[in-house]
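Asker: Quick check, what structure comes out for this input:
(one chain, ligands or ions: 2)
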Amino acid sequence: MIIDLNAVKRSGKTETSFFFEYNADIEIALPGAELMPPVKVQGTAYITGGNSAELEGEVVFTVKGACTRCLAETEKTFSADFNEVFGEDGYRIVNGKIDLSKMVDDIIIMNTPVAFLCKDDCKGLCPTCGKNLNDGECKCNN
Ligand SMILES: [Zn+2]
Ligand SMILES: [Zn+2]
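Answerer: Ligands and ions are numbered 1, 2, ... in the order given. As a prediction, this is how the structure comes out:
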């Protein structure tokens, strides 16, 4: 996921749009769930100075695994907008090139939900008998 700002400059432009499919090599903080490849990254890079650029766009990623409450196999896609400055501060520009990997990994980690639910109102499992309460009530009376 490299954007070559020198090539953009050579073509006489100050901005370029990009689209990448990326296989992130990170662990997400959700027990029993994993990130499914590919992560999709799209946006526009604006050259704002000799060694600075601003990137805005969207990261779309899919998580697959067990629902936090009822353990049902669940697959969900999340999207996160970004607007980041690259240059001396923050993410680096090296030899006129931007590598998006670190930023995208950070965005995925920041936007992974604390609870991974099969649906927003998942009723979970009965703590007494273990029945999946999405399938109907049990007889435990709690
Ligand atoms: Zn559930
Ligand atoms: Zn029960």
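
Asker: tell me the contacts of I107?
Answerer: I107 is in contact with V59, A80, F82, counting by Cβ atoms under 8 Å, 6 or more residues apart in numbering. Where C-beta positions appear, they are placed from N, C-alpha and C, glycine not excepted.

Asker: Which residue is the nearest non-sequential neighbour of it?
Answerer: V59 (4.8 Å; Cβ to Cβ, 6 or more residues apart in numbering).

Asker: Check Y91 too.
Answerer: Counting by Cβ to Cβ, 6+ apart, the residue nearest Y91 is M103, at 5.4 Å.

Asker: The one you found contacts F82, correct?
Answerer: Yes. M103 lies in contact with F82 (Cβ atoms under 8 Å); the separation is 7.1 Å.

Asker: Mutual contacts of these two, please.
Answerer: L55.

Asker: tell me which element the residue lying closest to I26 once chain neighbours are set aside is part of?
Answerer: Ranked by Cβ to Cβ, 6+ apart and with sequence neighbours excluded, the top spatial neighbour of I26 is D105, at 5.1 Å. Using DSSP states H and E, D105 sits within helix 101-111.
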